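Visitor: Here is a sequence with its predicted model. Questions after.
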Amino acid sequence: MPIRYPSRPGPSARAESTGTSGDGLGEWWAAIAVLAFATLAIVSLSGSAGSERPKAPPDRTPEILASLTPAEHSLAAIESAFESLCHEPVLLALELVPDCETGVITLPDELFSGPGSARLGPVAQQDVGAAVTTYLARLRKLPAIWESLDGIEIRGHTDPRALRKPYSTNMVGSQQRALGVYLFLIGPSGLREKDRDDLERLAIVSGAAFSRPPASCPEESRECYDEWRRVEIRPVLSESLRRGDWSRTLQDVRVAAGRTKAQPSDETTQR
């Protein structure tokens, strides 16, 4: 019998075709399910990650402030030592009192033989010798200073007057004055042997010409020039304990630590 619909598949063919179509649809749905589960997993992970707020860094302020304690104690000890040094009776009697904050002894112009002289007068030699002897003895009894001492600077100063090349001329003059005081102190009429040995080990001899006028009379005037001409005996502390530097450093760290403590943490800000 001739086939009327040659293009239509027979029953067996339809069954085969149906079975094949069903298998393809199952694989497609399986792929969709996998993608759906993957998407849900990603969303879930993203949500959980977003819900975790970053932890605020630990507060290091107490640790920073605690680390300043040794420096503060050293600074306080140095201030106390300088304060006691400026009340030394012998230095008061000789009218060569150290500055209560820096420990600097100033030898005024009147102690020298003349305005341009580098030589101490006879009476001044006795006074300066006694003052430096007392000064060194007191420094040895002040460990806050003595153990931190890098040097003892003898620094000369002049006024700006000179006929030619004022700065160069006065630089030489200021150095000569400082050197004159130093050579006297380590000479036969100066200090005793122990003091001389310490001064030779610690001494720094320098000149500043007229570049550093005294704070008490900084004007360029005849009234001030007598104070400009002077020699200073200056204790030089180690770099880590210089009073002014430590004061500024400690204050800066305190301010920075206070600002850090005052800033709200990330968690507080996000809330």
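Guide: Right, received. Where do you want to start?
Visitor: and the one helix or strand Arg155 maps to, which residues are buried?
Guide: Taking DSSP states H and E as the definition, one finds Arg155 inside strand 149-157. Within strand 149-157, the residues scored as buried using 16 or more other CB atoms under 10 Å are Leu149, Ile152, Glu153, Ile154, Arg155, Gly156, His157. C-beta here means a position set from N, CA and C on the backbone, and glycine is covered the same way.
Visitor: Of all pairs in these, which one spans the longest distance?
Guide: Leu149 and His157 (22.2 Å; CB to CB).
Visitor: Now flag whichever of the buried residues of strand 149-157 is closest to Ser238.
Guide: Among the buried residues of strand 149-157, and counting by CB to CB, the member closest to Ser238 is Leu149, at 7.6 Å.
Visitor: so how far is Glu220 from that closest one?
Guide: Using CB to CB, to the nearest Å, Leu149 is found at 34 Å from Glu220.
Visitor: Output stretch 104-111 in PDB with nothing but the alpha carbons.
Guide: This file holds the C-alpha atoms of stretch 104-111, laid out as PDB (Å, rounded to 0.1, in the frame of the first residue of the first chain):
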ATOM      1  CA  VAL A 104      75.200  78.700  80.300                       C
ATOM      2  CA  ILE A 105      77.700  80.800  82.200                       C
ATOM      3  CA  THR A 106      78.400  84.200  80.600                       C
ATOM      4  CA  LEU A 107      81.800  85.900  81.000                       C
ATOM      5  CA  PRO A 108      81.000  89.600  80.300                       C
ATOM      6  CA  ASP A 109      83.300  92.000  78.500                       C
ATOM      7  CA  GLU A 110      84.400  93.700  81.700                       C
ATOM      8  CA  LEU A 111      86.400  90.600  82.700                       C
END
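Visitor: Pull the residues that contact it.
Guide: 91, 96-99, 115, 120-121, 124, 127-128, 131-132, 135, 181, 226-227, 229-235 (CB atoms under 8 Å, 6 or more residues apart in numbering).
Visitor: Now name the helix or strand holding Arg138.
Guide: Using DSSP H and E, the element containing Arg138 is helix 122-140.
Visitor: For Glu147, give me the pLDDT.
Guide: We have a pLDDT of 89 for Glu147.
Visitor: so who does Arg140 touch?
Guide: Going by CB under 8 Å, 6+ apart, Arg140 touches Trp146.
Visitor: And for Ser84, nearest residue in space, chain neighbours not counted?
Guide: Leu142 (7.1 Å; CB to CB, 6 or more residues apart in numbering).
Visitor: mind listing what the one you found touches?
Guide: With CB under 8 Å, 6+ apart, Leu142 has these contacts: Ala81, Ser84, Leu85.
Visitor: likewise Gly156?
Guide: Gly156 neighbours (CB under 8 Å, 6+ apart): 173-179, 181, 206-208, 230-231.
Visitor: out of the residues you listed, which are inside strands?
Guide: Members of these lying in strands (criterion: DSSP state E): Ser206, Gly207, Arg230, Val231.
Visitor: Can you tell me which of these are buried?
Guide: Gly207, Arg230, Val231.
Visitor: distance of Lys141 from Thr134?
Guide: 11 Å.
Visitor: Point out where the stretch 51-200 of the chain drops to low pLDDT.
Guide: 51-56, 60-73 (pLDDT under 70).
Visitor: Any idea what Arg155 is bridged to?
Guide: Ser206, Glu232 (DSSP bridges).
Visitor: burial measure for the closest residue to Arg229 other than its chain neighbours, as a count.
Guide: Distances taken as CB to CB, 6+ apart put Asp109 closest to Arg229, at 3.9 Å, once the chain neighbours are dropped. Counted by other CB atoms under 10 Å, the residues lying close to Asp109 total 20.
Visitor: just the one 10 residues further on next, same as before
Guide: Burial of Arg119, expressed as a neighbour count using other CB under 10 Å, amounts to 16.
Visitor: contact partners of stretch 172-187?
Guide: 107, 112, 116-120, 125, 128-129, 132, 154-158, 190-191, 196, 199-200, 203, 205-210, 231, 233.
Visitor: Pull out the buried members of these.
Guide: 107, 112, 118-120, 125, 128-129, 132, 154-158, 190-191, 196, 199, 203, 205, 207-210, 231, 233.
Visitor: so where do the helices sit in the protein?
Guide: 11-51, 61-67, 69-85, 89-93, 122-140, 143-146, 166-186, 193-202, 222-228, 243-262, 266-270 (DSSP state H).
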